[in-house]
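# got a structure for you, letters missing:
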């Protein structure tokens, strides 16, 4: 993305939370899907890649013009956190790299809102002070809400933190107003015999301050806004942010767009918008539940990028990033990805279905390069090893050989309710674009009030 190109950034990255993020995927099968927890919580894993990033962070900071004092502070902080709180260190590395880029793409007059919870907000504020500058800190907004569980030994934790920063001293701000309380109005009327606006009270109300108690959280399962996304934020929250910190036709960017609340708010408030997310299921949700209800047409009113639309684009994705190719192709076939780049035990994903009264799966293996019969024999070993795995699917860019097909056929069938399903199924990327799907017991279909059927069901 171009530098100095975005007017408003709102980001709601994954929190340090025990929430089950795989609820997003529960709606596909009707049952929890274990692996997807890893996809969201990977930010908290201090793996080799993040450890190397920590070492290189001072260099990156200096290249971005961050002062030596901040760089030195970072150095001592990572040394302290490496042993005392490695998960927090991993998260700060994950976020700092992204926040540096957010500062780069923000216009000189732009505004950033970082939504976080109290477990990490103080660490993130330190990093934002270093990246954006202490003088560009504007607010720590406290969003208060009710609902949810109540702990036995602590005060209920019922607020989030939203840190607001600008890139420079000149920026757009339009106050949002709320009604005066009856007591305030009565006191004004009494003081000036009905001409209470002369006392400083405005007809539009009083400006909203930095603690927000009038925006309810989405908690009820019958809430008309609810899409089943575990970290979904209410439209009223994003409306307030967008209306107060951007003008019509300004560009709003959400780098963790999730279920697309920011995008819908931007659409209905006449802003241009960009959103991205690591999960293809998320992009489907945004398209079908958010964008389409406003009558927008793909190609004419908006574009989706980063997802292959042809066999050639799929090959290009594999050449650029084999791991993202693996993610794409598994989710394209209705599956759920393993988040491990290495040590995955030969499993790149699963297709889940309900059979015999419980959750079962088809284990998926993906090969973008050269394929051979030993790939099928290896997958057969995985199939024999894995519990509650009834079938296996092999996806490749290349056409499987006759020997590979013969090896797959030798595994026979899985029979359920009188229907036979091949235990080993082979599919190419070309097959996927031709509309072919796995032959397995049906996944539960999910219908919604908005957007119709949400997910692929076979």
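Alright, I've got the coordinates. If you're wondering where the values come from, they're calculated on a predicted model, not measured in any experiment.
# buried ones in the helix or strand containing residue 59?
In this structure, residue 59 sits in helix 48-63 according to DSSP states H and E. Across helix 48-63, burial judged by 16 or more other C-beta atoms under 10 Å covers 50, 53, 54, 57, 58, 61. C-betas here are computed from N, CA, C, even on glycine.
# burial of the residue nearest to the fourth one when sequence neighbours are not counted, as a residue count?
Pointing back at residue 57 there. Leaving aside its sequence neighbours, residue 57 sits nearest to residue 74 (C-beta to C-beta, 6 or more residues apart in numbering; 6.1 Å). Neighbours of residue 74 under the rule other C-beta atoms under 10 Å: 21.
# ditto for residue 230
Neighbours of residue 230 (other C-beta under 10 Å): 15.
# for residue 376, same thing?
By other C-beta under 10 Å, neighbour count at residue 376 equals 24.
# Regarding it, what is its secondary structure?
helix (DSSP: H, G, I helix; E, B strand; the rest coil).
# Touching, it and residue 406? I think so.
No - using C-beta atoms under 8 Å as the test, residue 376 is too far from residue 406 to be in contact (9.1 Å).
# Of the buried residues of helix 48-63, which is the nearest to residue 136?
residue 61 (16.5 Å; C-beta to C-beta).
# any idea which element the nearest residue to that closest one once chain neighbours are set aside lies in?
Counting by C-beta to C-beta, 6+ apart, residue 61 lies nearest to residue 71, which is 4.9 Å off, once chain neighbours are set aside. Following DSSP H and E, one finds residue 71 within helix 68-84.
# Residue 241: what secondary structure?
Going by three-state DSSP: residue 241 is helix.
# Report the contact partners of it.
With contact taken as C-beta atoms under 8 Å, 6 or more residues apart in numbering, residue 241 is in contact with 8, 10, 113, 162, 265.
# and what of residue 6?
By C-beta under 8 Å, 6+ apart, the contact set of residue 6 is 105, 106, 107, 110, 251, 252, 253, 274.
# Of those, keep whichever come out buried.
Buried, going by 16+ other C-beta under 10 Å: 105, 106, 107, 110, 251, 252, 253, 274, out of the contacts of residue 6.
# one step back: can you tell me which of the buried residues of helix 48-63 lies nearest to residue 185?
Distances from residue 185 to the buried residues of helix 48-63, taken by C-beta to C-beta, are shortest for residue 61, at 51.6 Å.
# Tell me who's in contact with the closest one.
Per C-beta under 8 Å, 6+ apart, neighbours of residue 61: 70, 71, 74, 100, 130.
# Just give the number of residues close to the closest residue to residue 96 other than its chain neighbours.
The shortest distance from residue 96 to any non-neighbouring residue, by C-beta to C-beta, 6+ apart, is to residue 127 (5.1 Å). Look at residue 127: counted by other C-beta under 10 Å, it has 21 neighbours.
# before we move on, back to that, give me the subset of the contacts of residue 6 that lies in strands.
Among the contacts of residue 6, the ones falling in strands (DSSP state E) are 106, 107, 110, 251, 252, 253, 274.
# Mind putting the residues you listed into a markdown table with pLDDT and distance to residue 138?
Formatted as a markdown table, the ones in strands among the contacts of residue 6 follow (pLDDT from 0 to 100; distance: C-beta to C-beta, whole Å):
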| residue | pLDDT | distance to residue 138 |
| --- | --- | --- |
| 106 | 98 | 13 |
| 107 | 98 | 15 |
| 110 | 98 | 12 |
| 251 | 98 | 20 |
| 252 | 98 | 17 |
| 253 | 98 | 18 |
| 274 | 97 | 23 |
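# Now render those residues as a markdown table, adding distance to residue 205.
Below are the ones in strands among the contacts of residue 6 laid out as a markdown table (distance: C-beta to C-beta, whole Å):
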| residue | distance to residue 205 |
| --- | --- |
| 106 | 30 |
| 107 | 30 |
| 110 | 28 |
| 251 | 29 |
| 252 | 25 |
| 253 | 30 |
| 274 | 33 |
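# ok, of those residues, which one's closest to residue 43?
Nearest member of the ones in strands among the contacts of residue 6 to residue 43, counting by C-beta to C-beta, is residue 253, at 19.3 Å.
# Report whether the expected contact of that closest one with residue 274 is present.
Yes - counting by C-beta under 8 Å, residue 253 does reach residue 274; the two are 4.7 Å apart.
# Quick one: low-confidence residue ranges for this protein.
16-42, 188-200, 339-345, 442-458 (pLDDT under 70).
# quick one, domains of it?
6-171+215-294, 311-453 (automatic domain parsing).
# mind putting those domains in TSV, distance to residue 305 included?
Converted to TSV, those look like this (distance: least, C-beta to C-beta, whole Å):
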stretch	distance to residue 305
domain 6-171+215-294	9
domain 311-453	10
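# that older thread, who are the contact partners of the residue nearest to residue 96?
By C-beta under 8 Å, 6+ apart, the neighbours of residue 127 are 74, 92, 95, 96, 99.
# which residues in the stretch 101-250 of the chain form strands?
Per DSSP state E, counting those that start in this stretch, the stretch 101-250 of the chain carries strands over the ranges 106-116, 137-144, 159-166, 177-178, 206-207, 211-212.
# Mind giving me the packing neighbours of the helix or strand that contains residue 431?
Assigned by DSSP H and E, residue 431 belongs to helix 429-433. Secondary-structure packing of helix 429-433 (3 or more C-beta pairs under 8 Å, 6 or more residues apart in numbering; DSSP states H and E): helix 311-320, helix 322-332, strand 389-396.
# mind listing what's buried in it?
Buried positions in helix 429-433, judged by neighbour count with 16+ other C-beta under 10 Å: 429, 431, 432.
# Stretch 78-88 now?
78, 81, 88.
# gap between stretch 394-409 and the chain center?
A distance of 35 Å separates the centroid of the chain from that of stretch 394-409, by C-alpha atoms, centre = their mean, to the nearest Å.
# Any idea how far apart the tips of it sit?
13 Å (C-alpha to C-alpha, to the nearest Å).
# thinking again about what came up before, so which of the buried ones among the contacts of residue 6 comes closest to residue 210?
residue 110 (19.6 Å).
# Check the contact between residue 280 and residue 331; I expect there is one.
Yes - between residue 280 and residue 331 there is a contact under C-beta under 8 Å: 4.2 Å.
# shared neighbours, those two?
The overlap between the contact sets of residue 280 and residue 331 (C-beta under 8 Å, 6+ apart) is empty.
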